[in-house]
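A.B. asks: quick one: sequence plus predicted model below, questions after.
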Amino acid sequence: MTDELDLLRRANPVPGDAPRFGDGPLDHRAERGLERLLEEGRPARRAPGSRLLWGLAATGVVVATAATALLGGPSTQPALAAPRPLAVRAHSTPVPLAQLAELADAAAAGGAPRLRKGTHVQTWSLGMADGKPPVTLPEERVVRWRADDSHTELVVATDPRRPGRPVLTDTGGEPGLVADGHVLSRTTYPPSWSDAPPEAAPPHTPAALRAYLAEAVRTGSPSTPELLRAVDELLDRWTLGARESAALVRVLADAKGLRPAGQVTDRLGRPGQAYVYEGGGSRRMLILDARTGAVLGLETTFTRDDPAYGVQAGDVREYSAWMR
């Protein structure tokens, strides 16, 4: 394990003394190291030009501070606090979903990129329990499928806001620290196949995709929160192609209460257009690529206090940032 991570570190360093690693394209040595991490002996299939964030390249960092010092007392927030909500750029022009759908259709005319089974996603979530401080859970997950319908899943503890810093996790049921880049799990699953959404391949026409998403959440006419949940589940299994992304924008354009908010920079530094839905004590922000309509991220924040769990209005509950 150490050899693989050392290989990745040497292949993609950032100049200087900071314990950081580059997020540019990895060279052939780092790519081979990733394949070994993912499949242990069987090469993984990667899309041309795909990138691996520094999180997967980070090596073990000596954790000198005890978890109790970072967590504080039972009535305090963890020192490794929740990230601030993404902010829409002031005075930016919101792009209606119908207009973005036209741009996405044009971008999909050539048919590339294509749909791919598997995902590469960075997530952050808030673990809550009565009488205990919230626990941050930043992770990066890579899922790759093989020709025989088996697949591998690699989960790494990583926080893009603090390169090289310890990551707080509740792995094992108790709050604790792990090193940035620590592999939380590496699993190979046996062959499996299903013709039910979201395991089945998503269609690339709006009407068929709308029915697909409705079936995924088991409702004939999903509400906007249910639709966004279906999108979340879909993207945790599939990396959409250009045609599927364009169809999805058409579906989202009909969602009630999903309003354009303006330009935003997501947690991976990518520009996008934000679309916001508020209801049920939370605010959901969907971030779409302004040129292709591809989903970049989804963030949920609380809109009211919940003293029982130590959260306040404006606190981030969870987010996901998807990559090709």
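C.D. replies: Great, that's in hand. Keep in mind it's a predicted model, so treat the numbers as computed, not measured. Residues are numbered from 1 along each chain as shown.

A.B. asks: tell me the pLDDT at the nearest residue in space to Ser221 that is not next to it in sequence?
C.D. replies: On the basis of Cβ to Cβ, 6 or more residues apart in numbering, the spatially nearest residue to Ser221 that is not a chain neighbour turns out to be Ala214, at 6.9 Å. Using the backbone N, CA and C atoms, a C-beta is placed for each residue, glycine as well. pLDDT, the model's per-residue confidence, is 96 for Ala214.

A.B. asks: any idea how far Val121 lies from Ser92?
C.D. replies: In this structure, Val121 and Ser92 are 26 Å apart, going by Cβ to Cβ, to the nearest Å.

A.B. asks: between those two, who's got more neighbours?
C.D. replies: Between Val121 and Ser92, counting by other Cβ atoms under 10 Å, Val121 is the more crowded of the two (18 against 13).

A.B. asks: what about the strands in this structure?
C.D. replies: When assigned using DSSP state E, the strands of the chain occupy the ranges 116-127, 135-136, 139-145, 151-157, 167-169, 176-178, 183-189, 238-239, 259-265, 271-279, 282-288, 295-302, 316-323.

A.B. asks: my guess is the residue nearest to Ser221 contacts Arg229. True?
C.D. replies: No - contact between Ala214 and Arg229 fails when scored by Cβ atoms under 8 Å: they sit 11.7 Å apart.

A.B. asks: so who does the nearest residue to Asp159 once chain neighbours are set aside touch?
C.D. replies: Of all residues beyond its chain neighbours, the one nearest Asp159 is Pro138 (4.1 Å), with distances taken as Cβ to Cβ, 6+ apart. For Pro138, the contacting residues are Gln122, Thr123, Trp124, Ala157, Thr158, Asp159, Pro160, Val167, Leu168, by Cβ atoms under 8 Å, 6 or more residues apart in numbering.

A.B. asks: on that earlier part again, go through the strands of the chain and name the closest to Pro83.
C.D. replies: Nearest to Pro83 among the strands of the chain is strand 316-323; the distance by Cβ to Cβ comes to 5.5 Å.

A.B. asks: identify the residues contacting that closest one?
C.D. replies: With contact meaning Cβ under 8 Å, 6+ apart, strand 316-323 is reached by 50-51, 53, 82-86, 119-126, 232, 235-236, 239, 266-268, 282, 295-302, 311.

A.B. asks: quick check on the residues you listed: which are buried?
C.D. replies: By the neighbour-count criterion of 16 or more other Cβ atoms under 10 Å, the contacts of strand 316-323 include these buried positions: 51, 53, 82-83, 85-86, 119-126, 232, 235, 239, 266-267, 295-302, 311.

A.B. asks: sorry, back to before: and the strands of the chain, which one averages the lowest pLDDT?
C.D. replies: Averaging pLDDT over each of those puts strand 135-136 lowest, since it has a mean of 65.

A.B. asks: now Ala101: how far from Asp149?
C.D. replies: Remark: distance between Ala101 and Asp149 (Cβ to Cβ) = 33 Å.

A.B. asks: higher neighbour count, the two?
C.D. replies: With other Cβ under 10 Å as the criterion, Ala101 and Asp149 differ in neighbour count, and Ala101 comes out ahead with 20 against 12.

A.B. asks: ok, now which ones touch the more buried one?
C.D. replies: Ala101 makes contacts with Ala246, Val249, Arg250, Ala253, Gly293, as judged by Cβ under 8 Å, 6+ apart.

A.B. asks: what about the helices in the stretch 101-250 of the chain?
C.D. replies: Secondary structure of the stretch 101-250 of the chain (DSSP state H, counting those that start in this stretch): helices at 206-216, 224-235, 242-253.

A.B. asks: quick one: low-confidence ranges for the stretch 1-150 of the chain?
C.D. replies: 1-82, 128-136 (pLDDT under 70).

A.B. asks: distance of the closest residue to Glu215 other than its chain neighbours from Tyr277?
C.D. replies: Closest residue to Glu215 in three dimensions, ignoring its sequence neighbours and counting by Cβ to Cβ, 6+ apart: Pro197, at 4.9 Å. When Cβ to Cβ is the yardstick, Pro197 and Tyr277 sit 21 Å from each other.

A.B. asks: ok so, going back, would you convert the helices of the stretch 101-250 of the chain into TSV that also reports distance to Gly272?
C.D. replies: Written out in TSV, the entries for the helices of the stretch 101-250 of the chain read as follows (distance: least, Cβ to Cβ, whole Å):
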stretch	distance to Gly272
helix 206-216	20
helix 224-235	14
helix 242-253	12
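
A.B. asks: and these: which comes nearest Leu184?
C.D. replies: Taking Cβ to Cβ as the criterion, helix 224-235 is the member of these that comes nearest to Leu184, at 20.2 Å.

A.B. asks: which helices and strands does that closest one pack with?
C.D. replies: Judged by 3 or more Cβ pairs under 8 Å, 6 or more residues apart in numbering; DSSP states H and E, the packing partners of helix 224-235 are helix 206-216, helix 242-253, strand 271-279, strand 282-288, strand 295-302, strand 316-323.

A.B. asks: strand 271-279 and the fourth one, what's the angle between them?
C.D. replies: With axes from the mean of the first three to the mean of the last three Cα atoms, to 10 degrees as the basis, strand 282-288 and strand 271-279 are set at 150 degrees to each other.
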